[in-house]
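Chemist: predicted model follows, preceded by the sequence.
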Amino acid sequence: MTYKTIIIDDERYSREELAFLLSSYKEIEIIGEADSAETGLKIVAKDEPDIVFVDIEMTGLNGIEFAKITSQMKKPPIIIFATAFPNYALDAFNANATDYLLKPFEEKRLKETIDRIKSLTKQPIQPQTTLRLAVHVDERIIYIEPSSILYVSRNDRDTVIRTLKGEFISKHTLKELEEKLTGHHFFRTHKSFLVNTHQIIEVSTWSSSIYHVRLNGISEQIPLSRNYVKELRDILEM
């Protein structure tokens, strides 16, 4: 799949730098650039891009206002904020941004953004309804239904499956369980946590950069990385 993309930034150097970094992704087709949000809106209305990378602090209409306007369009683009200011993160996600990139741009971080876009736009995989996870407890083997799992976590030594009945140690890595549970409503909230989205009852924030998730039946709070907030909200609010 090819994504039609535009870049909006009032600094020419920033536009050129981002365009250069994006040129290494064959799925990204840059169809236009703009030095203001007003000009960017005209391009969006005319060419209907799939993705817009937009700065926040610009003369005239700012990036947050731009995102709110495009979200009302018949075919709203995916919005990625690209800014030097970290303090707009909460406003950005409230404006339905998919990601928030900080300048100077890092290639690794940009790759995460592109991967997230591809993940959001790919066709859903049908769940394997017969899947059960086997865990060894003493001399027994217990089979766990995915729907009964609250979350899976990884500590220094073990991968832990948490259910309302207790914790179970798995021989699999967190990544392996993430692959096995594809299609069963699990979401990576943090590098060490995989959460059953059907068990989420609350997403809370302590500041613009610290988020937590609360689950049914337990009091502990699960960390939620700032970069995943928008994606999780999209899933929960469908």
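Modeler: Arrived safely, thanks for sending.
Chemist: for the helix or strand hosting Phe93, buried residues please.
Modeler: Element membership for Phe93, per DSSP states H and E: helix 89-94. Neighbour counts over helix 89-94 (16 or more other Cβ atoms under 10 Å) mark 89-93 as buried. Just so you know, the C-beta spots here come from the backbone N, C-alpha and C atoms, and that holds for glycine as well.
Chemist: do the same with stretch 31-38
Modeler: Across stretch 31-38, burial judged by 16+ other Cβ under 10 Å covers 32-37.
Chemist: straight-line length of that stretch, end to end?
Modeler: 17 Å (Cα to Cα, to the nearest Å).
Chemist: tell me which element Tyr151 falls in.
Modeler: strand 149-154.
Chemist: by contact count, what packs against that strand?
Modeler: strand 159-163, helix 174-180, strand 193-196 (3 or more Cβ pairs under 8 Å, 6 or more residues apart in numbering; DSSP states H and E).
Chemist: domain parsing for the chain?
Modeler: What automatic domain parsing lists as the domains of the chain is 3-121, 133-236.
Chemist: might you report the residue contacts of the nearest residue to Tyr143 once chain neighbours are set aside?
Modeler: Among residues not flanking Tyr143 along the chain, Arg132 sits closest, at 4.2 Å (Cβ to Cβ, 6 or more residues apart in numbering). Contact partners of Arg132, counting by Cβ atoms under 8 Å, 6 or more residues apart in numbering, are 143-146.
Chemist: and the top helix by length along the chain, how far out from the chain middle?
Modeler: Secondary structure of the chain per DSSP state H: the longest helix is helix 107-121. Helix 107-121 sits 8 Å away from the centroid of its parent chain (Cα atoms, centre = their mean, to the nearest Å).
Chemist: quick one: average confidence on that helix?
Modeler: Average pLDDT, helix 107-121: 91.
Chemist: of the helices and strands packed on strand 149-154, which stretch is the most buried?
Modeler: Mean neighbours per residue, mean count of other Cβ atoms under 10 Å, is largest over the helices and strands packed on strand 149-154 for strand 193-196, with a mean of 22.
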